[in-house]
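>>> Turn this into a model:
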Amino acid sequence: MSLALAFESSCDETGVALVEDGRRVIAAPLFSQIATHRPYGGIVPEYASRAHLEKFTLLTEEILRQHPLKPGDLDYIAVTTRPGLIGALLVGYQTAMAAARHFKAPLIGVHHLEAHLAAVRLSGMEIPYPALGLLLSGGNSAIYHLKKPGSIQLIGDTLDDAAGEALDKAAQILSFGYPGGPLIEKAAARYAESRGIHPGEEEKLERENIFPVILKSLEREKICFSFSGIKTALLRRHADYPDDNIDLLAFHYQERIVEHILRNLKHALAVAGKLPVIAAGGVLANKRLRRGLEKVAAFAGVEIRVPEFQFCTDNAAMVAAAAQLYFENGLKSPYENVTSGNAFGAA
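Reported below is the predicted structural model:
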């Protein structure tokens with residue numbers, strides 16, 4: 001049995017977690033900065049770093065009050081080192097280094113994207129190597145071949161923007177607010193309900209020629225994402241539709257994004273083989289997308305594993321789950337140094 005303290009500060013969530021065996025969450029207080037950044041419609045890096053600096057000590061103290069620890073009690077300290085806002089990452093890294101010195105425990109640096117994929121371990125599942133890893137977040141949209149712990153190969157990446165960013169920008173265009181993903185999903189669900197379409201039956205609704213199919217001419221053996229074009233299409237379409245049709249735009253916008261993601265997963269299964277799928281990242285909190293992914297997996301005859309909703313978005317427990325992969329397999333993490341770069345997906 002191993003015990004770890006983990007820190008997450010890649011963007012706008014300040015998280016600390018005490019986790020057993022990289023799977024059982026003992027405590028995981030989290031401070032969300034949504035209210036701080038909402039007036040700006042996105043993340044202000046300087047404000048994010050300051051909030052991390054203020055909250056890490058408070059969250060750590062909260063854990064230690066409930067679960068007193070002394071030097072030697074922890075097997076390792078885990079911390080996100082990339083990618084992310086460099087100032088925010090450095091705050092988390094320095095905090096983790098101080099904790100490692102105090103508790104006399106080794107420090108394991110973790111890649112944020114690998115942590116998202118490892119989050120399934122917090123939901124009672126394991127990564128069934130080899131597998132496909134579908135990662136969809138505010139800053140990343142990619143598919144990976146997960147060969148074994150520490151061995152990951154990039155299969156397809158985004159050409160421009162990420163799915164989460166596309167949803168946030170759409171919410172700004174439609175004046176929904178921030179963060180945009182949940183608001184777009186709610187608006188799309190309202191429109192579907194108004195047309196008598198129940199969850200899981202979205203494909204029954206006749207497609208209106210509002211938005212173009214994303215990368216329609218992409219060759220089948222190529223796998224890549226692109227979301228910049230559909231954002232521009234929404235901006236132009238919005239000017240042509242009255243306000244009472246906003247939910248209609250949200251529905252068809254979301255459907256095009258979901259269709260694009262599902263098509264890429266189908267291509268990946270055809271190229272890499274029918275491997276089990278790990279789908280993770282903040283965008284996986286979208287119920288419509290989850291239903292679509294489950295249908296694709298069922299049709300292909302493969303298993304799909306997705307973290308519980310609470311572990312889809314950024315949190316410190318998933319950082320411990322990823323660090324445990326290195327700890328239990330006796331591997332050295334290649335992500336010990338802080339950097340804003342991705343540097344992920346090498347074979």
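>>> pLDDT at the nearest residue to residue 238 once chain neighbours are set aside, what is it?
Once flanking residues are discounted, residue 238 sits nearest to residue 173: 5.6 Å by CB to CB, 6 or more residues apart in numbering. Bear in mind the C-beta positions are built from the backbone N, C-alpha and C, glycine included. With respect to pLDDT, residue 173 has a value of 94.
>>> I'd say residue 173 and residue 233 touch.
No - counting by CB atoms under 8 Å, residue 173 sits too far from residue 233 to count as a contact (10.5 Å).
>>> Quick check: pLDDT value at residue 22.
pLDDT, residue 22: 97.
>>> my bad, residue 244
75.
>>> Count the residues that sit near it.
7 (other CB atoms under 10 Å).
>>> for the residue nearest to residue 238, what are its contacts?
Contacts for residue 173 (CB atoms under 8 Å, 6 or more residues apart in numbering) come out as 231, 234, 235, 238.
>>> same thing with residue 47?
With contacts defined as CB under 8 Å, 6+ apart, residue 47 is in contact with 33, 36, 37.
>>> Now that we have these, which of them are buried?
33, 36, 37 (16 or more other CB atoms under 10 Å).
>>> Just put these in TSV and tack on pLDDT, secondary structure and distance to residue 217.
Shown next, in TSV, are the buried ones among the contacts of residue 47 (pLDDT from 0 to 100; DSSP: H, G, I helix; E, B strand; the rest coil; distance: CB to CB, whole Å):
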residue	pLDDT	secondary structure	distance to residue 217
33	81	coil	40
36	81	helix	42
37	81	helix	37
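>>> returning to what we had before: give me the distance between the residue nearest to residue 238 and residue 130.
For residue 173, the distance to residue 130 (CB to CB, to the nearest Å) stands at 40 Å.
>>> hang on, the earlier thing: among the contacts of residue 173, the buried ones, what's the ChimeraX command?
In ChimeraX, this line selects whichever of the contacts of residue 173 come out buried by 16+ other CB under 10 Å:
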select :231,234,238
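>>> Nearest to residue 72 among the contacts of residue 173?
residue 231 (51.8 Å; CB to CB).
>>> Any idea which residue is closest to the centre of this protein?
Nearest residue to the geometric centre of the chain (CA atoms, centre = their mean): residue 281, 1.9 Å.
>>> Can you give me the neighbour number for the nearest residue in space to that residue that is not next to it in sequence?
Computed as CB to CB, 6+ apart, the closest residue to residue 281 that is not its neighbour in sequence is residue 137, at 3.7 Å. For residue 137, the count of nearby residues is 24 (other CB under 10 Å).
>>> got a pLDDT number for residue 137?
For residue 137, pLDDT reads 91.
>>> I'd say it and residue 283 touch.
Yes - between residue 137 and residue 283 there is a contact under CB under 8 Å: 6.1 Å.
>>> and the closest residue to residue 58 other than its chain neighbours, which of the three is it?
Among residues not flanking residue 58 along the chain, residue 31 sits closest, at 7.9 Å (CB to CB, 6+ apart). The three-state label given to residue 31 by DSSP: H, G, I helix; E, B strand; the rest coil is strand.
>>> same check, this time on residue 145
For residue 145, the assignment made with three-state DSSP gives strand.
>>> how about it, what does it touch?
With contact taken as CB under 8 Å, 6+ apart, residue 145 is in contact with 130, 132, 133, 152, 153, 154, 155, 272, 275.
>>> Read off the pLDDT value for it.
Looking at residue 145, the pLDDT reads 96.
>>> Which strand residues bridge it?
Residue 145 forms beta bridges with residue 132, residue 153, as assigned by DSSP bridges.
>>> can you count the residues close to residue 125?
Count around residue 125 with other CB under 10 Å applied: 16.
>>> What's the separation between it and residue 305?
In terms of CB to CB, residue 125 sits 5 Å off from residue 305.
>>> do residue 212 as well
Look at residue 212 and residue 305: by CB to CB, they are 32 Å apart.
>>> likewise residue 320?
18 Å.
>>> Please identify which of those two sits among more neighbours.
For the pair residue 320 and residue 305, the greater number of neighbours falls to residue 320 (37 against 21), based on other CB under 10 Å.
>>> Could you say which helix or strand holds the more buried one?
Per DSSP states H and E, residue 320 falls inside helix 317-328.
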